[in-house]
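1. got a predicted model here, sequence first, then my questions.
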Amino acid sequence: PYEQTSLPGYFFKVNDDSMKNKIQIQKQRPILVVHGGFDSTLEELYFSAAAPALERGYNCLAFEGPGQGGIIFKQKIPFRFDWEKVVTPVIDFLLDNKEKYDVDKERIALMGISMGGYLAARAAAFEDRRSACILYNGVYDGKEALESSFPPSLLKSINDGDEHVVNKVIEILMETDSNIKFNIKHGMWIFGIDSPYELIKKSSEFTLKEIADKIICPTLVLDAEKDDSFPGQPQKVYNALTCPKKYIL
């Protein structure tokens with residue numbers, strides 16, 4: 001259940017019969033709660049999260065939130081920056097059904113993938129009923145990440161608030177750069193806005209600048225050597241965290 005609707009998800013349960021020789025059978029198991037980011041789908045989370053979790057004795061709940069997959073396509077519900085409002089109902093659901101799903105309430109891990117690295121961190125800052133957080137990758141500031149592919153002249157127009165110039169320049173960039181074209185067009189759709197300039201302004205809400213120190217659970221930050229979507233962002237997240245933390249490049 002989520003506000004006046006519901007979120008789609010899959011619950012993956014460890015097959016105790018297949019695990020007998022590997023892991024001691026437990027009544028309650030740790031669980032990995034996982035969601036994607038900017039352009040993910042629920043089904044792909046099986047391969048990147050659920051299957052590896054099951055192999056290691058974790059149950060897994062994968063779900064889509066506002067702005068993602070079927071939620072934006074079928075329900076037309078756009079993205080929101082305050083992702084704790086999304087994760088809290090998911091954890092409520094798990095704890096309300098902890099006997100059915102064998103949930104160990106002391107071992108609930110949250111993982112966000114791609115832009116989900118911001119979303120999971122935001123949720124972890126305000127939802128304390130999880131014992132660990134995995135940011136895959138870490139995203140410190142959405143506006144900085146979006147602007148990382150723009151030329152300096154465009155950044156000046158953005159800072160000056162010149163909406164007409166910003167929209168015109170981005171339209172030109174979209175004609176020659178397919179990555180920028182996708183990011184802008186998909187971004188406008190999932191955020192429910194009408195112009196590149198509005199998208200840039202909206203992206204400024206997606207930041208950990210004043211909340212990273214609110215995360216208290218152990219947190220793993222993952223980075224990629226050639227990441228062109230969030231260059232430098234995971235390191236900024238790691239540096240801002242004050243909780244027990246680990247960084248892997």
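-> All right, it came through fine.
2. wait, what's in contact with the residue nearest to the spatial centre of the chain?
-> The chain has Gly116 as the residue nearest its centroid, 1.1 Å off, counting by CA atoms, centre = their mean. Going by CB atoms under 8 Å, 6 or more residues apart in numbering, Gly116 touches 35-37, 40, 136. The way it works is simple: take the backbone N, C-alpha and C, and place the C-beta from them, glycine included.
3. grab the nearest non-local neighbour of it.
-> Distance criterion CB to CB, 6 or more residues apart in numbering; nearest residue to Gly116, sequence neighbours excluded, is Gly37 at 3.7 Å.
4. for that neighbour, pull up the helix or strand it's in.
-> When elements are assigned from DSSP states H and E, Gly37 belongs to no helix and no strand.
5. count of residues packed around it?
-> 23 (other CB atoms under 10 Å).
6. which parts of this structure are strands?
-> 9-12, 29-35, 59-63, 103-113, 132-136, 219-222, 245-248 (DSSP state E).
7. return the set of residues that bridge with the spatially closest residue to Gln75 that is not a sequence neighbour.
-> Among residues not flanking Gln75 along the chain, Thr5 sits closest, at 6.2 Å (CB to CB, 6+ apart). Residues in a beta bridge with Thr5, per DSSP bridges, are Tyr2.
8. just the terminal-to-terminal distance for stretch 222-239.
-> End-to-end distance of stretch 222-239: 13 Å, with CA to CA, to the nearest Å as the criterion.
9. what about the closest residue to Met174 other than its chain neighbours, how many neighbours?
-> Spatial nearest neighbour of Met174, excluding adjacent residues (CB to CB, 6+ apart): Lys181 at 4.0 Å. Applying other CB under 10 Å, we find 15 residues neighbouring Lys181.
10. how close does Lys181 get to Asp194?
-> 16 Å (CB to CB, to the nearest Å).
11. can you tell me what sits against stretch 228-244?
-> 114-115, 117, 121, 135, 137-141, 144-145, 148-149, 179, 208-209, 212-213, 215-219, 221-223, 227, 245, 247.
12. so for Ser114, what's the pLDDT?
-> Ser114 carries a pLDDT value of 94.
13. one more: Lys236?
-> 97.
14. tally of neighbours for it?
-> Neighbour tally, Lys236, other CB under 10 Å: 19.
15. show me the contacts for Ala224.
-> Shown in contact with Ala224 (CB under 8 Å, 6+ apart): 137, 249.
16. for Ser40, same thing?
-> 64, 68-69, 113-114, 116.
17. quick check: it vs Ser114, distance?
-> For Ser40, the distance to Ser114 - CB to CB - is 7 Å.
18. try Tyr58
-> From Tyr58 across to Ser114, the span is 21 Å (CB to CB).
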